[in-house]
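1. Quick one, structure for this:
(one chain, ligands or ions: 2)
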Amino acid sequence: MAKLSKRESSISYMKENEKLFQCPICKTNMQVQENGNITCEQKHSFDIAKQGYVNFMTKAIHSMYSKELFQSRYEIIQSGLYNPVHEKIANLIDFGVQSILDTGCGEGTHLAKICEKLHPQVVSLGIDISKEGIFTAAKHYERHIWCVGDLANSPFQAQSIDYILNFLSPANYTDFKRILKPNGKVIKVVPQASYLQQLREQAFAKSEKEQYSNEQTVSLFKDQFSKVYIERIIYDQPLEHHLLPKLLEMTPLGWHIENNEDVAINEITIDLDILVGEF
Ligand SMILES: C[S@@+](CC[C@H](N)C(=O)[O-])C[C@H]1O[C@@H](n2cnc3c(N)ncnc32)[C@H](O)[C@@H]1O
Ligand SMILES: [Zn+2]
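-> Ligands and ions are numbered 1, 2, ... in the order given. The predicted model follows:
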């Protein structure tokens, strides 16, 4: 049998899971057509691109994140820098999970690596407002549903998702509450004081921005949920020399450094809070 194209396999996978979609414009149910259009009852229509993702945005937005930034993130995350974080998150997810949505998924590697540790039937979806991010995700990872869209108005049905991941990204708790199943959970990852501290020192030596506090974000999170659990994960990882330019490019922190040649970073600190909340 001839191998399906990327678009054809996405059409078939999205068709299998079409009950998860809801029109972001009129909120009616959606159907995945054989020609690769996802259409709602009011005939709003979104096309599955040849790379296998779908764009649910109704107007173009300007993102400060470029294709190069996402490619750098892809290489850094693939290098294993966040492996202990992925391990910890996968351990927080119940065995019976059916669906997991990464909101602000960027280039998709966190979600892909976490899903490798879960059972293969989990339906995994990623949404990001940046087309460049989703384009990169779809290029590298098949059998995930990649959507360009706004996490504050996501194209998913009410009570359809078991776990919402939100990794170093903005959150919208009203929409998260709408789409989560009754016992669903949000797993939000936020930087702690020493996160990427070597980069922070180089970018903002001796200024206030060298210090980072997540107090406000954590406090807002706690206000949203009836049950909250927080786990901190902190470790140093050696940084291979060839990854340094990627590290400088993958976060806006690196953009503050004027001369990359002056930078010497041999190891990097990962310091994150993993917040788990149930409404
Ligand atoms: C700091 S990046 C983190 C990306 C990824 N989670 C990671 O850790 O590599 C923040 C991401 O949130 C996305 N984002 C910002 N606002 C968004 C929105 N309203 N809806 C969906 N994604 C959004 C950005 O495009 C960007 O990819
Ligand atoms: Zn519609």
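
2. check which helix or strand covers Pro182.
-> Assigned by DSSP states H and E, Pro182 belongs to strand 180-191.

3. Identify the residues contacting Asn55.
-> Each residue near Asn55 by Cβ atoms under 8 Å, 6 or more residues apart in numbering is listed here: 46-47, 49, 131, 134, 147-149. The C-beta positions use only the backbone N, C-alpha and C, and glycine is treated the same way.

4. how about a cut-off of 10 Å?
-> Contacts here follow Cβ atoms under 10 Å, 6 or more residues apart in numbering; on that basis Asn55 touches 46-49, 131, 134-135, 146-149.

5. swap in His110?
-> 73, 77, 82, 85-86, 89, 102, 126, 165, 167-168, 189.

6. let's see 7 Å
-> Shown in contact with His110 (Cβ atoms under 7 Å, 6 or more residues apart in numbering): 77, 82, 86, 102, 167.

7. List just the nearest of these to ligand 1.
-> Phe167 (3.8 Å; Cβ to the nearest ligand atom).

8. Number of residues surrounding Asp175?
-> Around Asp175 sit 17 other residues, with neighbours defined as other Cβ atoms under 10 Å.

9. So it belongs to a helix, correct?
-> Yes: counting by DSSP: H, G, I helix; E, B strand; the rest coil, Asp175 is found in a helix.

10. okay but it is in contact with Ser154, surely?
-> Yes: Asp175 lies in contact with Ser154 (Cβ atoms under 7 Å); the separation is 5.6 Å.

11. Residue ranges in the protein under the pLDDT threshold?
-> 1, 204-211, 256, 258-262 (pLDDT under 70).

12. So Leu92 is in contact with Lys188, correct?
-> No: judged on Cβ under 7 Å, Leu92 makes no contact with Lys188 at a distance of 11.6 Å.
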